[in-house]
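**Student:** Just the structure for this:
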Amino acid sequence: ALPILPVAWLVSVLRGASLVIDWHNLGFTMLAMALGKEPTSKSLPVRVCKALEGWCARRAQGHMCVTHAMKEYLAREMKVT
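**Tutor:** Below you'll find the predicted structure:
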């Protein structure tokens with residue numbers, strides 16, 4: 001997701017295009033694993049990544065999820081409608 005998600009959002013704004021995210025995983029969980037941390041970690045990089053991913057997600061015009069669990073998580077935790 002990072003760093004391409006914020007870049008994709010910016011390009012969509014500049015070009016007047018819709019941003020649709022195809023969710024296969026969450027970037028902050030992948031970062032946490034790469035750092036040897038839990039996704040619920042209070043690690044600053046993980047928290048920043050999660051916040052930025054949620055910010056971009058709420059600004060996207062559409063979402064495709066690979067599972068119902070992912071859809072429910074995005075709605076519950078990232079306030080994606």
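
**Student:** Now do the strands in this protein.
**Tutor:** For the chain, strands defined by DSSP state E occupy the ranges 20-23, 62-65.

**Student:** Parallel or antiparallel, list what pairs with the first one.
**Tutor:** Next to strand 20-23 in the sheet, as set by DSSP bridges, lie strand 62-65 (parallel).

**Student:** How far away from the center of its chain is the partner strand?
**Tutor:** Between the centre of strand 62-65 and the centre of its chain there are 11 Å (CA atoms, centre = their mean, to the nearest Å).

**Student:** OK, contacts around the residue most central in space within the chain?
**Tutor:** When CA atoms, centre = their mean is applied to the chain, the residue found nearest the centroid is Glu53 (3.3 Å). Residues in contact with Glu53 (CB atoms under 8 Å, 6 or more residues apart in numbering) are Ala1, Leu2, Leu5, Leu26, Gly27, Phe28, Met78. (C-beta placed from N, C-alpha, C; glycine too.)

**Student:** so how far is Leu44 from the third one?
**Tutor:** Just to be clear, that refers to Leu5. 19 Å (CB to CB, to the nearest Å).

**Student:** And Ala34, by the same measure?
**Tutor:** From Ala34 across to Leu44, the span is 15 Å (CB to CB).

**Student:** Would you reformat the contacts of Glu53 as JSON lines and include pLDDT, distance to Pro39 and neighbour count?
**Tutor:** JSON lines is the format used below for those (pLDDT from 0 to 100; distance: CB to CB, whole Å; neighbours: other CB atoms under 10 Å):
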{"residue": "Ala1", "pLDDT": "79", "distance to Pro39": "13", "neighbour count": "22"}
{"residue": "Leu2", "pLDDT": "84", "distance to Pro39": "14", "neighbour count": "16"}
{"residue": "Leu5", "pLDDT": "95", "distance to Pro39": "17", "neighbour count": "20"}
{"residue": "Leu26", "pLDDT": "95", "distance to Pro39": "8", "neighbour count": "21"}
{"residue": "Gly27", "pLDDT": "94", "distance to Pro39": "11", "neighbour count": "18"}
{"residue": "Phe28", "pLDDT": "94", "distance to Pro39": "7", "neighbour count": "23"}
{"residue": "Met78", "pLDDT": "95", "distance to Pro39": "13", "neighbour count": "17"}
